[in-house]
Each structure stands twice: as structure tokens, then as C-alpha cells.
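Participant: all I have is the shape, not the residue letters:
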């Protein structure tokens, strides 16, 4: 019993069909991930991993149909990688495309005040925000000039310049 090399490497569907299937699924997934599912506070949780696994499994059949050969799979992977590189290049080169594909920076704290509406919009709890502030060496909101959620999901914190004692009331200090 030998290896059937034609079955391993032979094409089971046309390369054009594989590219079209891969392209359509990739475009749909990039729309979903870059516009609908933007939240990512710099960490991946179990639910995020599960979502990615389920989407990958569901998308696999839509992309490949009943493909069985390695060559079919390589064409699909190459198509997806090609689109990913193309979108990254286009986002880098053209600011208008970047605005469509990448979420804007979202302010979370401005001049020592938490912007609760923006926290709610991204489903970020105050505890999550405080964890990110503490990671940046902040334990008092009066020390924060701004904190923003960047387009990649990380939170960046800009501290106020030190000018003596804080003028903010003590209630802005988070209990430890």
C-alpha cells in the first residue's frame, strides 16, 4: 500500500475557484473583525480564542468546499495571506483606506476624568481600565492627562506633567 501522490498534491477543484472562495470569505471576515469586533484590550481571552476557532472551522468549508489535496489548501492559504498583505499595504499607503479598515483612537480618560460613555461603547469595565492605568504606573486619575484605546486594542496612557500638588479631589483616587 503506497502513497497516492496524485491525491496528495493533485488539484480537486480549479485554482480560480479556490482563489474566489478564499477571497470572498477573507473579505467577509476582515469586515467582521476590523469593523464589528474591534474590542481587544491587549489580551486574548478564552472566549476570543473559542470565537476564532469556531469562525475558522465554519469558514474552512465555505472556502474549500470539499477540497482534499495539500495543493488546494496551499492555494487557499496563499490567497488569504495575499489579501492580508494587500490590505496592510493599502492601509499603510492610503489614509482613507486606513480609516475604513482600522478603528479610530477612542479616548477613555481625558484630563483626569473617566469617559464612561466610551467605556460602555467598548464594554470595558472600570476595573479593566484601572488595571491598564496601574500597568502604566497610575494610581490616581489626577495624574492622567489622557488614556486612549488605540486601533490595535492597546490602551496608552499619557500622564500629566508634574507641577506640584494635584488639584483634583481625593475621590478620584482608586482604593487599593
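Facilitator: On my side now, so go ahead. Please read these numbers as outputs of a predicted model, since none were measured by experiment. Residues are numbered from 1 along each chain as shown.
Participant: so where does residue 29 fall, helix or strand?
Facilitator: Here residue 29 sits within helix 15-31, counting by DSSP states H and E.
Participant: how about residue 158?
Facilitator: Assessed by DSSP H and E, residue 158 sits inside strand 155-159.
Participant: by contact count, what packs against that strand?
Facilitator: helix 126-135, strand 144-149 (3 or more CB pairs under 8 Å, 6 or more residues apart in numbering; DSSP states H and E). C-beta: built from backbone N, CA, C; applies to glycine.
Participant: residue 17 is nearest to which of those?
Facilitator: Among the helices and strands packed on strand 155-159, strand 144-149 comes nearest to residue 17, with 40.0 Å by CB to CB.
Participant: check which helices and strands the closest one sits against.
Facilitator: By 3+ CB pairs under 8 Å, 6+ apart, strand 144-149 packs against strand 106-110, helix 126-135, strand 155-159.
Participant: closest one to residue 16 among the ones you listed?
Facilitator: Closest among those, once you apply CB to CB, is strand 106-110, at 41.0 Å.
Participant: the closest one pairs with which strands, parallel or anti?
Facilitator: Using DSSP bridges, the strands paired with strand 106-110 are strand 113-114 (antiparallel), strand 144-149 (antiparallel).
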